[in-house]
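1. Predicted structure and sequence below. I'll ask about it afterward.
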Amino acid sequence: MTLQPLSARRYAVTVLAWLALWLVVAAAALVLGARVWVWESGPQLNDALRDALYGVATASVVGGALALAGLAFQALLRNPLASPYILGVSGGASLGVILSSLFVSVLVQPIFGFLGALVTVGTVYAIAQRRGRLEPYTLLLSGVILNAFYAAVIMLTMGLVRPETRGDIAYWMMGNIGRFDLQWGLVGVVAVLAVGAAVVFAFLAKGFNLIAVGEETAGTLGVRVERVRHVTFVVASLVTGAAVALTGPIGFVGLIVPHLLRMVVGPDHRRLVPASFFFGATFLVLANLATGLLEGAVAPFPPPPVGVLTAMCGGPFFVYLLRTRWRRTAEVQ
Amino acid sequence: MKADRHIGMLAAGLALLGLALGCSEPEPASPAGGGGERPLRILSLTPNVTEILFAMGLGDQVVGRSTWCNEPSEARALPVVGDTLHMNLNQVIALKPTLAFLITGREEVARGLEARGVRTVTLRSDTLPQMFDSIRVIGRETGREDAARALVARIESDLAAVRRRVAGLARPRVLFAFPMTVGSARIMVAGRGTFVDALLEVAGAENAYPDRANWPTVSPQKVIAAAPDVILVHAVGDEGAPDRVEAIRRAWTGWTSIPAVAGGRVHILTEPYLTIPGPRVGLAAERLAETIHPELQERSP
Amino acid sequence: MAQNSRSPITETVPRADGPYLDVRDLAFAYGAGPPVLRGLSLGVERGRFVALLGPNGSGKTTLLRILLGLLAPASGEVRIAGLRPADYPAGALARRVAYVPQGTSSVLAFTVLETVLMGRSPHTGALGFEGAGDWHAAREALRLTDTERFAERNLEDLSGGERQRVVIARALAQEPDLILLDEPTAFLDIKHQQAIHRLLVRLRDEQGMTVLCVSHDLNLASAYADDVVLISNGRVAAAGTPAEVLRTDVLETVYETRVRVECDEVTGRPYVLPRPED
């Protein structure tokens, strides 16, 4: 796959290429999403562009965040089936938003979502850590426990609230990009966290490669394995929590994008990190565009939320993964 | 509350087919109220039906209500049996009702009640004509056809009064919407053929979104394209709280290309009766008229 | 003795006296279990090829892990070039000491070249960019282990012997002074066993590398190593040249079985024979 060592220049070229791809797709999504050709008046075009721009911006930061988190969790847990939600962070963020939506105004709800994510991070750490070490096995188990717990509490909440609120909760859990009340501030916060995560993981990418080969080997090659694990766990969880607090849990982006990229770019995390960030953004922008284009396709039903579309892609892709790559790696062991 | 009504109205519309196969015209069974011998024991499972029953003077014969039937105030003392999604059947049996009225698309609810010997009548009130029909059906079932006719006449005269007040005024394009849900890009609006649509017409306005029937959810761009002159947002219950109202208002202010937003004609209405197809539609029409035509308020004290 | 583990090697004061690899009175136990090392001491001079022998469970792998800084001893001291493993700044120990583990498995499909380049990671920067120097070192490592022709192939497609040579190449790419190997030829045929041992001898001769090789193969150790250290019950049972250590009485005590030791007329080194007749 790669015949050349990864020099600084080659890296910069890679980053710029993925960035360019995202820019092109984002511009197309903006034009198509706003349907610039239908509007007669300037102000109407402006409003439509604002609406489309918000969708593109949100999809970009959330897609990038989720793809990065997925990649990081797959490296952390040494498990190619890991998604950003595997450790229960999305459950915590969802519960935070859902519970707070019953009491506080819309503007403050994402903060509670993020708080829910933080609580989850702390809880998983408390359950999983043994003598200061975070082992993949115990992390996975803690995630299973927490996910089950959150699912139960969310269902309980849905059973106790008014029927209309039930529908709202279910809708939110599907994951949605656009909003009527544009929250540029929130998007900005998630953007900062996503870019921060990209930078952190770029510095940890070398460690990811070595840890994937073997924990002991990584240690002998100068990697501080436990420190990498701790930082990865915290950063990936926080960026996931922020993304979920903004749009609800959009599924499968965090799982599919790293795998797609591995097929193209190879297993080297130094390349995968920037690729995941930009292509995750590109992917979700495209998915969001697709849902917009489906407007009116199956009248009188509205187009499906983005999370539904990604989940529908995720299922068949999962099957494909299981039947091809999984079998290959299983034979290697 | 709101959703029950909406679910009920939507479901009732969908149940059109089902009911066409079943009992679209309820058979006059045992002429229970024929001479008023035995008092009826009525179970009312939908808020607007409860209001209609009390308005027809049948309040003393209602033995049970759904959770959401809070009007009129006399109804609040009645025992609660749950709602069409979760009904406490033990409570229902204990109340020994002889007649039940409900609006729902869930046939199993009606069947379940019928199986326990309760004559169950499924009504519809998506549109104003359906609402009047339902009043008449209630009148027939309870043997109070005169009261039904009187109620219908009273409502019609209320509406006619509003029509007179707005006659000759300009008819703006009005969008009747509901608050956006958390994280959703779409809002639900009143479409063509709904009774809110009819009330708008009575109130001297034109529905800004006649493209679709019933209660469609629309994206921001659809609203921009519809370019309404007035936007009415119906926020009840928790959504009527001041911070929520403020959030709704702020959500709309960004879309300046919409005439209603630019002209400051986005109104958030919190009166629950605006979307209850019952005896208070006249009041609803009047409230709508006064909001849509502010000049009316200057005329009357 | 400087305690600050962040300072570069030049600032801490290494112990000038003592062998290159200086182990004194090492004691270690896993968790609450029985002690694995009970006061083990040994010294290895630079440029020597030392074979570490001993029965299963005698503590050989544990000793390697402590030398690599992966485990901390309960008591006793380890010094490599005068510094304790914990005193080396991040990555600095990996520039001095390389490790060849027993076997290799990976969940991801890296090529041979990518694998060997991983050995450069103690030398590459924070973002892991590889320069011309790294490229050159990797190529050189491939050449030394005769694996250049596999450079583009996936690691998992190679045979066991070829894979082991690649892992050695990865260790060589670190440009270490000391190379620790854990049973490097355990699953290889005689051809590859000899090839790897010859390579280790070459490295000692051409690059002055210090080699510490854990092994179960008494005869290979005898044939190639300069010194043999025999470990038993967490302590050094015997240390010296192969002729001094590989004696019938010593071996029978440590391994608790009957053996016969003969002398190879050509090399003058002992070789150990089993005794099926008993």
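-> Great, that's in hand.
2. For the chain, which segments are assigned as helices?
-> With no chain named, the answer covers chain A. Counting by DSSP state H, chain A has helices at residues A:8-34, A:42-76, A:89-101, A:109-128, A:136-160, A:163-173, A:184-213, A:215-220, A:225-247, A:253-265, A:269-293, A:306-323, A:325-332.
3. you looked at the wrong chain, it should be chain B
-> Under DSSP H, chain B gives helices at B:2-21, B:47-55, B:89-95, B:107-115, B:128-142, B:145-166, B:195-202, B:220-226, B:242-253, B:259-262, B:281-292, B:294-299.
4. distance of residue B:193 from residue B:232?
-> 18 Å (CB to CB, to the nearest Å). Every residue, glycine included, has its C-beta placed from N, CA and C.
5. of the two, who's got more company?
-> Each of residue B:193 and residue B:232 has its neighbours counted (other CB atoms under 10 Å in any protein chain shown); residue B:232 has more, 27 against 17.
6. which residues touch the more buried one?
-> Shown in contact with residue B:232 (CB atoms under 8 Å, 6 or more residues apart in numbering or on different chains): B:174-177, B:267-269, B:288, B:291-292.
7. again, but for residue C:232
-> Here residue C:232 is in contact with C:54-55, C:58, C:253-254 (CB under 8 Å, 6+ apart).
8. and the closest residue to chain C within the stretch 51-200 of chain A, how many neighbours?
-> Residue nearest to chain C within the stretch 51-200 of chain A: residue A:78 (6.1 Å; CB to the nearest CB). The tally of other residues near residue A:78 (other CB under 10 Å) stands at 16.
9. Roughly how far does it sit from chain B?
-> Distance, residue A:78 to chain B, using CB to the nearest CB, to the nearest Å: 34 Å.
10. which non-adjacent residue is nearest that residue?
-> Counting by CB to CB, 6 or more residues apart in numbering or on different chains, residue A:78 lies nearest to residue A:136, which is 5.3 Å off, once chain neighbours are set aside.
11. From what I see, the one you found and residue A:74 are in contact.
-> No - the pair residue A:136 and residue A:74 fails to qualify as a contact (CB atoms under 8 Å) at a distance of 10.5 Å.
12. Which one's more surrounded, the two?
-> The neighbour comparison of residue A:136 against residue A:74 (other CB under 10 Å) goes to residue A:74, with 27 against 18.
13. For that one, list the residues it contacts.
-> A:80-82, A:258.
14. try residue A:39
-> Here residue A:39 is in contact with A:45, A:48, B:224 (criterion: CB under 8 Å, 6+ apart).
15. Extract the C-alpha trace of stretch A:50-67 and format it as PDB.
-> Extracted in PDB, the C-alpha atoms of stretch A:50-67 (Å, rounded to 0.1, in the frame of the first residue of the first chain):
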ATOM      1  CA  ARG A  50     -28.000  30.200   5.900                       C
ATOM      2  CA  ASP A  51     -30.200  27.100   6.500                       C
ATOM      3  CA  ALA A  52     -28.000  25.000   4.200                       C
ATOM      4  CA  LEU A  53     -24.800  26.400   5.600                       C
ATOM      5  CA  TYR A  54     -25.900  25.500   9.100                       C
ATOM      6  CA  GLY A  55     -26.600  22.000   7.900                       C
ATOM      7  CA  VAL A  56     -23.200  21.700   6.200                       C
ATOM      8  CA  ALA A  57     -21.300  23.100   9.200                       C
ATOM      9  CA  THR A  58     -23.100  20.900  11.700                       C
ATOM     10  CA  ALA A  59     -22.700  17.800   9.600                       C
ATOM     11  CA  SER A  60     -19.000  18.600   9.100                       C
ATOM     12  CA  VAL A  61     -18.100  19.000  12.700                       C
ATOM     13  CA  VAL A  62     -20.200  16.100  14.000                       C
ATOM     14  CA  GLY A  63     -19.100  13.800  11.200                       C
ATOM     15  CA  GLY A  64     -15.400  14.700  11.800                       C
ATOM     16  CA  ALA A  65     -15.800  14.300  15.600                       C
ATOM     17  CA  LEU A  66     -17.600  10.900  15.300                       C
ATOM     18  CA  ALA A  67     -15.200   9.500  12.800                       C
END
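16. Tell me what residue C:53 is bridged to.
-> With DSSP bridges applied, residue C:53 shows beta-bridge pairing to residue C:230.
17. My understanding was that it contacts residue C:225; is that so?
-> No - using CB under 8 Å, residue C:53 and residue C:225 do not qualify as a contacting pair, with a distance of 9.2 Å.
18. measure stretch C:85-102 end to end?
-> With CA to CA, to the nearest Å as the measure, stretch C:85-102 spans 22 Å from end to end.
19. no no, stretch C:111-130
-> Length of stretch C:111-130, first residue to last, CA to CA: 16 Å.
20. Can you pull the residues of the stretch 101-250 of chain B lying near chain A?
-> Counting by CB under 8 Å from any CB of the partner chain, the residues of the stretch 101-250 of chain B close to chain A are B:180-187, B:212-214, B:216-217, B:219-221, B:224-225, B:227, B:238, B:243-244, B:246-248, B:250.
21. sorry, back to before: looking at the helices of chain A, spot the one closest to residue C:115.
-> Closest of the helices of chain A to residue C:115 is helix A:184-213, at 7.5 Å (criterion: CB to CB).
22. Quick check: ChimeraX command selecting the buried ones in the contacts of residue A:74.
-> This is the ChimeraX syntax for the buried subset of the contacts of residue A:74, where burial follows 16 or more other CB atoms under 10 Å in any protein chain shown:
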select /A:80,82,258
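23. want to throw the contacts of residue A:74 into a markdown table with pLDDT and distance to chain C?
-> As requested, those are exported to a markdown table (pLDDT from 0 to 100; distance: CB to the nearest CB, whole Å):
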| residue | pLDDT | distance to chain C |
| --- | --- | --- |
| A:80 | 83 | 7 |
| A:81 | 84 | 12 |
| A:82 | 89 | 12 |
| A:258 | 94 | 12 |
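24. What's the local residue count around the closest residue to residue B:134 other than its chain neighbours?
-> In this structure, residue B:134 finds its nearest non-sequential neighbour in residue B:123, 4.1 Å apart by CB to CB, 6+ apart. Per other CB under 10 Å, the neighbour tally for residue B:123 reads 24.
25. Looks like residue B:123 contacts residue B:135 (just checking).
-> No - the criterion here is CB under 8 Å, and residue B:123 misses it with residue B:135 at 9.1 Å.
26. Looking at the stretch 201-333 of chain A, what residue ends up closest to chain B?
-> Residue nearest to chain B within the stretch 201-333 of chain A: residue A:302 (5.0 Å; CB to the nearest CB).
27. Please name the nearest non-neighbouring residue to that residue.
-> Of all residues not flanking residue A:302 in the chain, residue B:217 sits nearest, at 5.0 Å (CB to CB, 6+ apart).
28. cool, residue A:134 as well?
-> residue A:229 (4.6 Å).
29. What of residue A:247?
-> In space, and not counting its chain neighbours, residue A:247 is closest to residue A:62: 5.2 Å by CB to CB, 6+ apart.
30. so that neighbour touches residue A:248, yeah?
-> No - assessed by CB under 8 Å, residue A:62 is found out of contact with residue A:248, at 9.7 Å.
31. List the contacts of the most centrally placed residue in chain A.
-> With distances taken as CA atoms, centre = their mean, the residue of chain A nearest its centroid is residue A:66 (1.3 Å). Contact analysis of residue A:66 by CB under 8 Å, 6+ apart lists A:84, A:240, A:243, A:250, A:253-254, A:257, A:280, A:284.
32. redo that, cut-off 10 Å
-> Neighbouring residues of residue A:66 by CB atoms under 10 Å, 6 or more residues apart in numbering or on different chains: A:83-85, A:90, A:175, A:194, A:236, A:239-240, A:243-244, A:247, A:249-257, A:276, A:280-281, A:283-284, A:310.
33. ditto for residue C:96
-> C:9, C:80-81, C:83, C:85, C:88, C:122, C:174-178.
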